[in-house]
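Undergrad: Kindly return the folded structure for what I paste below:
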Amino acid sequence: MNAMKALVYTGPESLEFRDEPRPVAAHNEHLVRIDTVGICGSDMHAYLGHDDRRPAPLILGHEAAGTIEGGPRDGDRVTINPLVTDPTSAESRAGRENICPNRQIISMPPRPGAFARYVTMPERNLVPVPDDVPLEKAALAEPLAVSWHAARLGVSALHPAMDRRALVIGGGAIGVAAVLALNAMGFDDVIIAEPNDVRRAYLVERCGFDVVAAAEGAFPLVVDSVGIAATRKVASALAVQGGVILHIGLGDSDGGLDIRRMTLQEITFIGTYTYTAKDFRDTAQAIYDGRLGPLDWVEARGLSDGAAAFADIRAGRVAAPKVILKPDA
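TA: Predicted coordinates for the structure are as follows:
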């Protein structure tokens with residue numbers, strides 16, 4: 001068959017589940033049958049018409065795991081590193097693939113995304129998944145790696161004399177992942193600030209996190225997983241003298257930071273983007289080893305129900321930090 005089912009972004013707040021051409025693997029690529037794919041904040045930005053890099057019509061989705069179909073690795077279970085980079089660039093050779101000037105990511109032209117039955121990926125982007133690890137968990141490697149990368153940079157930048165305490169702004173998947181990554185790296189006092197009542201109750205009752213509606217106090221490390229002017233304002237106000245702000249979210253571009261205070265108090269600001277290839281592999285291994293917890297804070301729906309899932313997230317009706325879509329459901 002030359003067609004497959006896919007969830008296609010067709011315009012602002014419009015998604016269509018329809019037939020699309022089935023991709024064909026190029027040289028050194030594999031065809032992956034998608035088992036699970038997560039809805040990311042960047043998918044939501046595109047869905048709302050806020051991302052010029054993702055013009056309609058387009059298959060979105062980049063947080064995925066599945067099974068290789070055909071070729072010498074037929075049947076291998078894999079999680080997908082969606083960041084396709086130029087291995088010959090200076091950045092890639094230095095192990096900083098995430099800032100490779102020639103990088104591409106699936107769900108952004110010219111590479112269709114994983115809200116589909118199949119996607120094609122280079123060999124180097126496929127990380128094996130052990131048989132005892134559900135693909136639903138393996139699909140979380142991508143969002144978890146984003147925060148693993150950020151946490152690694154934050155821990156390295158934080159002065160060794162400072163307390164290992166942190167505030168995470170935003171209780172979505174990236175915020176939750178930041179808590180888990182920081183816990184794995186030796187932080188045992190991490191608070192989440194989440195204003196949504198439904199989400200906050202879920203994080204407390206289901207996950208056992210320390211969650212508040214609005215943060216107060218001062219913190220050596222502040223993680224902004226939202227990335228809008230209001231959250232940057234909170235981050236620059238609550239970071240202690242000599243502390244670190246990690247900025248992961250891409251909500252908007254302007255305003256919020258108190259540059260004068262950050263300068264006078266010598267507060268380090270680090271913008272963090274995706275992950276290196278090593279970060280991705282290390283995150284996947286942490287999942288397999290159980291170091292990131294049960295990862296049971298997801299809600300699963302069928303890919304054919306994807307349009308309704310996006311609408312529910314848009315309306316604030318989803319309590320779980322992550323919605324995953326299943327082509328087989």
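
Undergrad: Okay, domains of the protein per the record?
TA: Following automatic domain parsing, one gets these domains for the chain: 3-140+295-326, 144-271.

Undergrad: Strands of the stretch 101-250 of the chain, start to end?
TA: 104-105, 118-122, 126-128, 165-169, 189-193, 210-212, 219-224, 239-247 (DSSP state E, counting those that start in this stretch).

Undergrad: could you dump the ones you listed to TSV with distance to K278, mean pLDDT and mean neighbour count?
TA: Placement of C-beta: from N, CA and C, glycine included. Formatted as TSV, the strands of the stretch 101-250 of the chain follow (distance: least, CB to CB, whole Å; pLDDT from 0 to 100; neighbours: other CB atoms under 10 Å):
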stretch	distance to K278	mean pLDDT	mean neighbour count
strand 104-105	18	96	16
strand 118-122	17	98	22
strand 126-128	11	98	19
strand 165-169	23	98	26
strand 189-193	24	98	21
strand 210-212	30	97	16
strand 219-224	21	98	28
strand 239-247	18	98	22
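
Undergrad: Mind checking those strands for the one nearest to N2?
TA: strand 118-122 (11.1 Å; CB to CB).

Undergrad: and the domains of the chain as JSON lines, adding distance to D279?
TA: Shown next, in JSON lines, are the domains of the chain (distance: least, CB to CB, whole Å):
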{"stretch": "domain 3-140+295-326", "distance to D279": "8"}
{"stretch": "domain 144-271", "distance to D279": "4"}
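
Undergrad: Which of the ones you listed sits closest to R281?
TA: When the domains of the chain are ranked by proximity to R281 (CB to CB), domain 3-140+295-326 comes first, at 5.9 Å.

Undergrad: Work out the gap between that closest one and the centre of the chain.
TA: The chain centroid and the centroid of domain 3-140+295-326 are separated by 11 Å under CA atoms, centre = their mean, to the nearest Å.

Undergrad: Which one, of the domains of the chain, ends up nearest to T283?
TA: domain 144-271 (4.0 Å).

Undergrad: And the closest one, end to end?
TA: 17 Å (CA to CA, to the nearest Å).

Undergrad: same deal with stretch 130-139?
TA: Span of stretch 130-139 from end to end, CA to CA: 13 Å.

Undergrad: returning to what we had before: want to try JSON lines for the strands of the stretch 101-250 of the chain, with distance to L303 as columns?
TA: Shown next, in JSON lines, are these (distance: least, CB to CB, whole Å):
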{"stretch": "strand 104-105", "distance to L303": "20"}
{"stretch": "strand 118-122", "distance to L303": "12"}
{"stretch": "strand 126-128", "distance to L303": "21"}
{"stretch": "strand 165-169", "distance to L303": "30"}
{"stretch": "strand 189-193", "distance to L303": "29"}
{"stretch": "strand 210-212", "distance to L303": "30"}
{"stretch": "strand 219-224", "distance to L303": "31"}
{"stretch": "strand 239-247", "distance to L303": "32"}
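
Undergrad: Against A237, how distant is the residue of the chain positioned farthest from its centre?
TA: Largest separation from the mean C-alpha position in the chain: L264, at 32.7 Å (CA atoms, centre = their mean). Look at L264 and A237: by CB to CB, to the nearest Å, they are 13 Å apart.

Undergrad: now E29
TA: E29 is 47 Å from A237, by CB to CB.

Undergrad: Neighbour count for those two, which is higher?
TA: E29 (18 against 14; other CB atoms under 10 Å).

Undergrad: Okay then, goodbye and thanks.
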